[in-house]
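the following comprises the amino acid sequence and a computationally predicted model.
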Amino acid sequence: MTIRSFRLRLTAWYLLLFSLLFVAFSAFLYGVLSNGLRERVDETLGSEAGTAAGMYEDELSETHGDRQASAAEAVAGARFAGTVVAVVAEGRVLAASTRSPEGDLAAVAARAAAAGSVTAFPQYGKYGARAAARRAGDPGRQVLILALLPLDAIAAELRTVRRALFVALPLILGLAGLGGFLLATRSLEPLASMARQAHEIGDSSLHKRLEIGGAAEELQVLAASFNALLARLDQSFETMRRFVADASHELRTPLAVIRGEADVALTRERGAEEYRESLAVILDESRRLSRLVDDLLNLARADSGHVPLVVREFYFNDLLAECCRSALAGAAALGIEVECLAPRDAPFRGDEDLLRRLVMNLLDNAIRYTPRGGQVSAALEQSPGYIQIRISDTGTGIAPEDAARVFERFYRADQARSRQDGGFGLGLSIVQWIAEAHRGTVKFSSQLGAGSVFTVTLPL
């Protein structure tokens, strides 16, 4: 079964890791304790066997070779309770501190002598034994002093340790699980708080931000990223609201004119000339409305990335010259001079129709804001790796407080004049989109009352 709760999953992983560590530590502790007990027994047995061997040798010299009496004295001097001390000579037990079968002691002595050190004998008693043997100085005979200790006491101590570990294991794991759950709950509390705050944020409250206080650094990074996302969403929603409001406003004006002209024309019988004038007004407003709808549709497609570029080879100098000729008639009617500077061929690869619209929008914008008697200049410069189109005018210029918003949709520095001239405030937005679609940039500089310069840089 898959655990869906992250809190429970974190607790389970914590408990599993703690269990493995506790079991490993218990096994290590048990092994160290067991080895320590056996080493202590071995030291005891070695010391006991050495002492008994010394006593046997001393008694042997005092009793003038009476091995039996010497063995009895050596065995009687055993210092450690529970230790079996025996003197074995050539397979026969001379004396022993216990009534163990003589065959068992002889067999243990033989194995201990063969091992030459402390050794274990699991067949001796219920839990086996540890034994140490020392050779005694006895001319003419092989005498072993045997010190043997059954492992009953060690087994009992280890059994007590095992029981303690088995009893402590579930208690410790239970406490560890509870502690892990409380720790996970406390650690995830900032996430729960963030979830509650995020649940309360809607499209009308995107200005709110997540507050998590002094949470961990990782959660602060998460909250900061989420707050940055909210800021972008807030800005996008605000832009969308402003866009809808501006679009509605722009659409309302031509629709109101069309409806007004139709109402006036239908109030009474009129002559053909009056009907023709009303239809002309309706046609002009319909064309204006159609241009606005086309611009909105193109910008919407650009935002969604659904405007494919029709890329082909052409000469940008020819395109600039054609745009200047197209703008020349309207500029001449306003008393504005248009100058085109494209001295040499400039081959380029891009969407010719879109780039033509870019240049025309910049020229129309320059002519619209240039007073009678002014001048508009279009220049093309080619450098290694890129070309620049520079459109300059001697018009009214752009105020510093308006400079940051000139590329916003429906924004006009001069609201009344732009609408009167037929502008919608979308031209520069379309210019910026076309330049970015060709991996280029648009920059401008302006001085109020002295004119503006728009520079488009396009990579080759």
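Received, thanks.

burial measure for the residue nearest to residue 365 when sequence neighbours are not counted, as a count.
Among residues not flanking residue 365 along the chain, residue 427 sits closest, at 5.3 Å (CB to CB, 6 or more residues apart in numbering). For the C-beta atoms, the positions are set from N, CA and C on the backbone; glycine is no exception. The number of residues packed near residue 427 is 20, by other CB atoms under 10 Å.

tell me the secondary structure at residue 380.
Using DSSP: H, G, I helix; E, B strand; the rest coil, the structure places residue 380 in strand.

change the start of the numbering to 77 and stick with it
I'll keep to 77 as the first residue from here, and by that count the last item is residue 456.

quick one: it and residue 464, what's the gap?
7 Å (CB to CB, to the nearest Å).

of these two, give the one with the bigger neighbour count.
For residue 456 versus residue 464, neighbours defined as other CB under 10 Å are more numerous around residue 456 (21 against 15).

can you confirm residue 531 is in a helix?
No: read with three-state DSSP, residue 531 is strand and lies in no helix.

residue contacts, residue 522?
Going by CB atoms under 8 Å, 6 or more residues apart in numbering, residue 522 touches 473-474, 479, 528-529.

swap the cut-off to 6 Å and go again
Applying CB atoms under 6 Å, 6 or more residues apart in numbering, we find residue 522 in contact with 473-474, 528.

so which of the residues you listed is the most crowded?
Ranking the contacts of residue 522 using other CB under 10 Å puts residue 528 first, with 24 neighbours.

now do the same for that one: helix, strand or coil?
The three-state assignment at residue 528 reads strand, by three-state DSSP.

that one - nearest residue in space that isn't next to it in sequence?
Using CB to CB, 6+ apart, the closest residue to residue 528 is residue 522 (3.9 Å).

next, the one you found: phi, psi?
Note on residue 522: its backbone torsions stand at phi -150, psi 150 [degrees, to the nearest 10].

and what of residue 219?
Dihedral angles of residue 219 (phi, psi; degrees, to the nearest 10) stand at phi -110, psi 130.

what sits opposite it in the beta ladder?
Going by DSSP bridges, residue 219 is paired in beta bridges with residue 165, residue 212.

quick one on the thing from earlier: tell me which of the contacts of residue 522 is nearest to residue 147?
The nearest member of those to residue 147, counting by CB to CB, is residue 474 at 121.9 Å.

pretty sure that closest one belongs to a strand, no?
No: under three-state DSSP, residue 474 falls outside any strand and is assigned coil.

which residues in the stretch 77-226 of the chain form helices?
82-138, 143-152, 178-191 (DSSP state H, counting those that start in this stretch).

which one of those is the most hemmed in?
Burial of the helices of the stretch 77-226 of the chain is given as mean neighbour count (mean count of other CB atoms under 10 Å); helix 143-152 ranks first at a mean of 20.

show me the shaky parts of the stretch 127-276 of the chain.
Applying pLDDT under 70 to the stretch 127-276 of the chain flags residues 154-158, 166-167, 174-205, 207-209, 213-217.

now the strands for it?
With DSSP state E, counting those that start in this stretch as the criterion, the stretch 127-276 of the chain has strands at 160-165, 168-172, 195-197, 205-212, 219-226.

would a markdown table of those strands with distance to residue 241 be doable?
Shown next, in a markdown table, are the strands of the stretch 127-276 of the chain (distance: least, CB to CB, whole Å):
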| stretch | distance to residue 241 |
| --- | --- |
| strand 160-165 | 31 |
| strand 168-172 | 38 |
| strand 195-197 | 24 |
| strand 205-212 | 24 |
| strand 219-226 | 24 |
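
distance check, the nearest residue to residue 146 once chain neighbours are set aside against residue 108.
Residue nearest to residue 146 in three dimensions, not counting chain neighbours: residue 135, with 3.8 Å by CB to CB, 6+ apart. For residue 135, the distance to residue 108 equals 40 Å [CB to CB].

got it, and residue 503?
With CB to CB as the criterion, residue 503 and residue 108 are 85 Å apart.

ok, residue 142 to residue 509 distance?
Counting by CB to CB, the gap from residue 142 to residue 509 is 121 Å.

next: residue 441.
Residue 441 sits 15 Å away from residue 509, taking CB to CB as the criterion.

got it, and residue 97?
From residue 97 over to residue 509 the distance is 61 Å, taken as CB to CB.

got the phi and psi for the residue of the chain positioned farthest from its centre?
When distances to the mean C-alpha position of the chain are computed (CA atoms, centre = their mean), the maximum falls on residue 140, with 90.5 Å. Main-chain dihedrals, residue 140, degrees, to the nearest 10: phi 60, psi 50.

do the same with residue 388
Note on residue 388: its backbone torsions stand at phi -160, psi 170 [degrees, to the nearest 10].

bridging residues for it?
For residue 388, the beta-bridge partners under DSSP bridges are residue 426.

number of nearby residues for it?
11.

just the pLDDT for it.
In this model, residue 388 is scored at 88, pLDDT.

that one and residue 426, how far apart?
Taking CB to CB as the measure, residue 388 falls 8 Å from residue 426.

could you do residue 518 as well?
Applying CB to CB, one obtains 15 Å for the distance of residue 518 from residue 426.

so for the two, which residue has more residues nearby?
Taking other CB under 10 Å, residue 518 and residue 426 do not tie; residue 426 has more neighbours (24 against 21).

so that one makes contact with residue 513?
No: assessed by CB atoms under 6 Å, residue 426 is found out of contact with residue 513, at 8.8 Å.

follow-up on the earlier one: turn the helices of the stretch 77-226 of the chain into a markdown table, including distance to residue 269.
As requested, the helices of the stretch 77-226 of the chain are exported to a markdown table (distance: least, CB to CB, whole Å):
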| stretch | distance to residue 269 |
| --- | --- |
| helix 82-138 | 14 |
| helix 143-152 | 80 |
| helix 178-191 | 70 |
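
which one of these lies closest to residue 271?
helix 82-138 (11.6 Å).

what ranges does the stretch 277-426 of the chain have for its helices?
Per DSSP H, counting those that start in this stretch, the stretch 277-426 of the chain carries helices over the ranges 293-342, 348-380, 392-409.

helices or strands up against the shortest one?
The criterion is 3 or more CB pairs under 6 Å, 6 or more residues apart in numbering; DSSP states H and E, and the helices and strands that helix 392-409 contacts are strand 413-417, helix 428-444, strand 451-459.

residue 396: which of those is closest?
Across the helices and strands packed on helix 392-409, residue 396 has its closest neighbour in strand 451-459 (5.2 Å, CB to CB).

partner strands of the closest one, parallel or antiparallel?
Paired strands of strand 451-459, with direction, are strand 413-417 (parallel), strand 462-469 (antiparallel) (DSSP bridges).
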